[in-house]
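In: Make a model of this:
(one chain, ligands or ions: 1)
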Amino acid sequence: MRNQLVNINTVNDIFVEYRHTPIALLLEFHNLNRPFASYTQAQLLVGMCMDNRKHLHIPDNFSYIIRSGGANLRYSEFKVSYAISVGGIQYIALIGHNNCGMVNLHARKELFINGLIKNAGWERERAEEHFTSFAPMFEIDNEIDFVVSEAKRLRVKYPNVTIAPLFYNVEDNRLSMIQE
Ligand SMILES: [Zn+2]
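Out: Numbering: from 1, shown residues only. Predicted coordinates for the structure are as follows:
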């Protein structure tokens with residue numbers, strides 16, 4: 001079955017298993033204008049793409065945030081472990097978004113190589129090799145399916161942590177839940 005986006009327009013739209021958790025608070029702060037509380041400790045870890053079109057509407061100190069292309073946390077696991085162990089985090093929100101640059105990365109190969117030559121001063125050969133060795137680690141097929149698979153992978157790795165895949169629409173800046 002396909003993963004489906006679910007709009008969050010009222011608190012009743014939030015999936016029952018995430019109610020009264022920091023995942024629900026994130027959705028309420030960002031989508032539903034819940035008044036900000038003050039926090040002295042992080043309640044949540046957010047994993048989201050580095051893309052510049054996204055900004056979360058959340059209170060100060062509410063969340064750790066790891067930003068990485070496509071919300072891919074495979075190469076940030078020490079930081080995830082740190083947030084859980086030292087930061088005491090029990091909840092992770094993984095936020096994918098539409099029009100993600102990590103989808104169909106291969107189509108941007110020439111742009112990437114020429115950009116490194118022009119903007120960074122690299123030689124063509126080095127730029128090509130860099131793309132060829134790293135693109136397969138970061139390319140994703142579909143933004144929604146990717147965060148769901150990443151959530152499943154992290155649930156196995158951190159079984160006591162609740163992990164929710166979410167989706168950010170860069171056109172209206174709203175978060176949706178993903179029905180897995
Ligand atoms: Zn992205």
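
In: of all the residues in this protein, which ones are close to the ion?
Out: Within the chain, the positions lying close to the ion (Cβ under 5 Å from the ion) are 49, 51, 100. Where you see a C-beta, it was placed from the backbone N, CA and C, and this is true even at glycine.

In: Skip the chain neighbours and tell me the closest residue to the most centrally placed residue in the chain.
Out: The structure's the chain has its C-alpha centroid closest to residue 48; by Cα atoms, centre = their mean the separation is 2.4 Å. Take residue 48 and drop its neighbours on the chain: the residue closest to it by Cβ to Cβ, 6 or more residues apart in numbering is residue 95, 4.1 Å away.

In: Give me the neighbour count for that neighbour.
Out: Using other Cβ atoms under 10 Å as the criterion, residue 95 is surrounded by 24 other residues.

In: Identify the bridge partners of it.
Out: residue 48, residue 166 (DSSP bridges).

In: residue contacts, it?
Out: For residue 95, the contacting residues are 46, 47, 48, 49, 54, 71, 147, 166, 167, 168, 175, taking Cβ atoms under 8 Å, 6 or more residues apart in numbering as the criterion.

In: now, which of these sits nearest the ion?
Out: The ion lies nearest to residue 49 out of those, by Cβ to the ion, at 3.2 Å.

In: and which of the contacts of residue 95 is nearest residue 65?
Out: Within the set of the contacts of residue 95, residue 46 lies nearest residue 65; the separation is 4.7 Å, counting by Cβ to Cβ.

In: What is the helix or strand harbouring that closest one packed up against?
Out: In the assignment (DSSP states H and E), residue 46 maps to strand 44-48. Applying 3 or more Cβ pairs under 8 Å, 6 or more residues apart in numbering; DSSP states H and E, we find strand 44-48 packed against helix 22-32, strand 63-67, helix 77-85, strand 91-97.

In: Now tabulate the ones you listed in CSV and tack on mean pLDDT.
Out: What follows is the helices and strands packed on strand 44-48, written out as CSV (pLDDT from 0 to 100):
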stretch, mean pLDDT
helix 22-32, 98
strand 63-67, 97
helix 77-85, 98
strand 91-97, 98
